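Trainee: Just a sequence and a predicted model for now, questions to come.
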Amino acid sequence: EEANRRQRLMTIREGSMSSDENSSLSFEEQELGYASKVCLHNLFVLCNRFAREESAASVTKIRQWIDENRSDDRFFKKAAGYNIDGLTPLHLLCMTSNPPLDV
């Protein structure tokens, strides 16, 4: 039972459930799924802010996010590949005049 619950939560976090599967989730599981999407979106937002400002504070926040999420390889890769209108966080960083190469 616990193994099934963990597997289901992992599937929710990865965002790989269909809408039919999602409708059968408990409120708590749906909230976790929403939180996961917000977490994926956070890296994109941080990189977008850097693209607009190109500030040291923005780079620091990106590095913080990376440090906090680096241990979960699957989530980290999914967040790095998250895109809006075909742009990923890496695209946003590379479009700046002085991209932080260590990020």
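Mentor: Ah, there it is. This structure is a prediction, so every number in the text was calculated from the model and none was measured.

Trainee: any low-confidence regions in the protein?
Mentor: Scanning the chain for pLDDT under 70 picks out the ranges 1-38.

Trainee: need the strands for it, in chain order.
Mentor: With strands called from DSSP state E, the chain shows none.

Trainee: Where do the helices of the protein begin and end?
Mentor: For the chain, the helices defined by DSSP state H occupy 2-14, 19-23, 27-53, 56-69, 73-81, 89-94.

Trainee: Which neighbouring elements make contact with the fourth one?
Mentor: So the one you mean is helix 56-69. For helix 56-69, the packing partners by 3 or more CB pairs under 8 Å, 6 or more residues apart in numbering; DSSP states H and E come out as helix 27-53, helix 73-81. For every residue, glycine as well, the C-beta is placed using N, CA and C.

Trainee: So for it, what gets flagged as buried?
Mentor: Neighbour-count burial for helix 56-69 flags Ser58, Val59, Lys61, Ile62, Trp65, Ile66, Asn69 (criterion: 16 or more other CB atoms under 10 Å).

Trainee: OK, contacts around the spatially closest residue to the first one that is not a sequence neighbour?
Mentor: Okay, so that is Ser58. Once flanking residues are discounted, Ser58 sits nearest to Phe50: 3.8 Å by CB to CB, 6 or more residues apart in numbering. By CB atoms under 8 Å, 6 or more residues apart in numbering, Phe50 lies in contact with Ser58, Val59, Ile62, Leu92, Leu93, Thr96, Pro100.
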